[in-house]
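# Next input, structure requested:
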Amino acid sequence: MVEWFDWFVYASFATYFAGAFFPSGDDTAKLMNTAGLFAVGFFMRPLGGWLLGRVGDRRGRKAALTLTVTLMSASAVLIAVAPTYEVAGYGGAAVLLVARLLQGLSVGGEYAASATYLTEASAPGRRGFASSFQYVSMTAGQILGLGLQIILQRTLTSGELHSWGWRIPFIVGALGAAVVFYLRRNMLETEAYEESDAGAAERGTIRALLRHKREALLVIALTMGGTVAYYTYTTYLTKYLSNSAGLPKQTATLVSFCALIVFACLQPLAGALSDRIGRRPLLITFAVGSTFLTVPIMTLLRQAGSFWPALGLSLLALVVITGYTSINACVKAELFPTGVRSLGVALPYAIANALFGGTAEYVALWFKKGGLESGFYWYVAGCAAVSLIVYLTMRETRDIDLKRVGGAPEGRPATDTVPAS
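As a prediction, this is how the structure comes out:
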């Protein structure tokens, strides 16, 4: 929750600090500058996925999780104290860049370490339910960030928020990360990891991962549509409602806040459903819905005009992507054996996020600046369509035994591939 609070408050407060680090210009240009720095954090995620995924496979899931929160805490402090353009010119933007690089490293390993830990620590028949809490906590971090934004919007003037109020969430995030560091140092290691051959020389190496090239490519492909849709309807939604739909910033923030609360509550329900019917039906439902509903939802959102229509459409979009978010963590972890599971989830997922998730906001603003904003809607739908093809052809992973070499299903011989459903 704290990791993703720090990650997302950058996006949600960008409308307030965009002008602090760059010279005067039109609002969309400033947002594109801050969105570019937001995307830079995503391009560090593959490096973070490799480094911290390796740590997770060689030193344990607990070690990786402790290191990620340390990096995130440092980045939050840097953003909180970064000098503005008026004080240090582009020096402030440079500090912001360094902070985003650290955040990218941290989140690049955090996703895989937490996904692996939750999946390995769960009973075989409840992995979908348990791993769904990853997105509950991620969304809770976003909700806290938006909640804090709502409070600050109602207690500070617009001038105060643009001047110094935007620093408050980063101070809060740094303090929260210190608490999480203490909690993670007292975590228990997962049984699956402790019972594996922890001294193997190739644990967490690229060489070991290359033996599972098919699974790595599958992670990239199945992530593509989900990550674009997720960041469109979460981090970009508030900006879209205020910058394109014309809603006041306070109203746009409240829409996102309310929609995300419902979204978080849906995750365990969908995760539990996947334990009963399998992962593929939920993934396919998401991809079909996102492919055919994105363009009409985004078009209607632009014309929403007030709180309730915007909330209803946002909820519809988030219900659709729940088919992906609720189970994607366990699906990816179930594809790999223990010795390369953390790296196998981290690196391909981070690559997909760098290419598609991190650039979603920038692509959206690029289309808007070019006067073709509707082109972004089709881009999101197209990414979902590609993932749909993957979901239709991939094998079911629900019954995989995580302790068997290659992740073979319980009661079946171990193999190096995921068995057919």
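# for residue 205, what are its contacts?
54, 340, 343 (CB atoms under 8 Å, 6 or more residues apart in numbering). Quick note: C-beta positions are derived from backbone N, CA and C, even for glycine.
# burial measure for the second one, as a count.
Here the neighbour count serves as a burial measure; for residue 340 (other CB atoms under 10 Å) it reads 27.
# ok, and for stretch 299-316, which residues are buried?
301-302, 304, 307, 310-311, 313-316 (16 or more other CB atoms under 10 Å).
# Quick check: the farthest pair among those residues?
302 and 315 (16.6 Å; CB to CB).
# Where does residue 187 sit: helix, strand or coil?
Here residue 187 is recorded as coil under DSSP: H, G, I helix; E, B strand; the rest coil.
# please begin residue numbering at 261 from this point
Sure, I'll start numbering at 261, so the last one becomes residue 447.
# can you pull the contacts of the nearest residue to it once chain neighbours are set aside?
Nearest residue to residue 447, sequence neighbours excluded (CB to CB, 6 or more residues apart in numbering): residue 322, at 4.8 Å. Contacts for residue 322 (CB under 8 Å, 6+ apart) come out as 377, 444, 447-449.
# What's the first helix or strand after the strand or helix carrying residue 322?
Applying DSSP states H and E as the criterion places residue 322 in helix 321-341. Moving toward the C-terminus from helix 321-341, the next helix or strand (DSSP H and E) is helix 345-348.
# where does the chain have low pLDDT?
Within the chain, the ranges that satisfy pLDDT under 70 run 283-292, 294-295, 298, 457-460, 665-681.
# mind running it again at 80?
271-272, 274-275, 278-303, 345-346, 349-350, 456-462, 618, 663-681 (pLDDT under 80).
# Contacts only, for residue 389.
By CB under 8 Å, 6+ apart, residue 389 lies in contact with 382, 528, 531-532, 535.
# quick one: residue 402 and residue 520 touch, right?
Yes: applying CB atoms under 8 Å, one finds residue 402 in contact with residue 520, separated by 5.6 Å.
# shared neighbours of those two, anything?
Common contacts of residue 402 and residue 520 (CB under 8 Å, 6+ apart): residue 494.
# rewinding a little: please spell out which residues along the helix holding residue 322 are buried.
If you call a residue buried by 16+ other CB under 10 Å, then helix 321-341 has these buried ones: 321-340.
# got TSV for the buried residues of stretch 559-576, with secondary structure and distance to residue 643 too?
Shown next, in TSV, are the buried residues of stretch 559-576 (DSSP: H, G, I helix; E, B strand; the rest coil; distance: CB to CB, whole Å):
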residue	secondary structure	distance to residue 643
561	helix	18
562	helix	20
564	coil	23
567	helix	29
570	helix	23
571	helix	25
573	helix	20
574	helix	19
575	helix	21
576	helix	19
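# can you count the residues close to residue 623?
Burial of residue 623 is recorded as 20 neighbouring residues (other CB under 10 Å).
# Quick check: it is in a helix.
Yes: under three-state DSSP, residue 623 falls within a helix.
# can you give me the helices for the stretch 461-610 of the chain?
Using DSSP state H, counting those that start in this stretch, the helices found in the stretch 461-610 of the chain span residues 466-470, 473-493, 497-503, 509-537, 540-562, 567-585, 588-593, 601-612.
# Can you get me a residue count around the closest residue to residue 658 other than its chain neighbours?
Closest residue to residue 658 apart from its sequence neighbours, by CB to CB, 6+ apart: residue 538 at 4.9 Å. Residues within reach of residue 538, counting by other CB under 10 Å, total 17.
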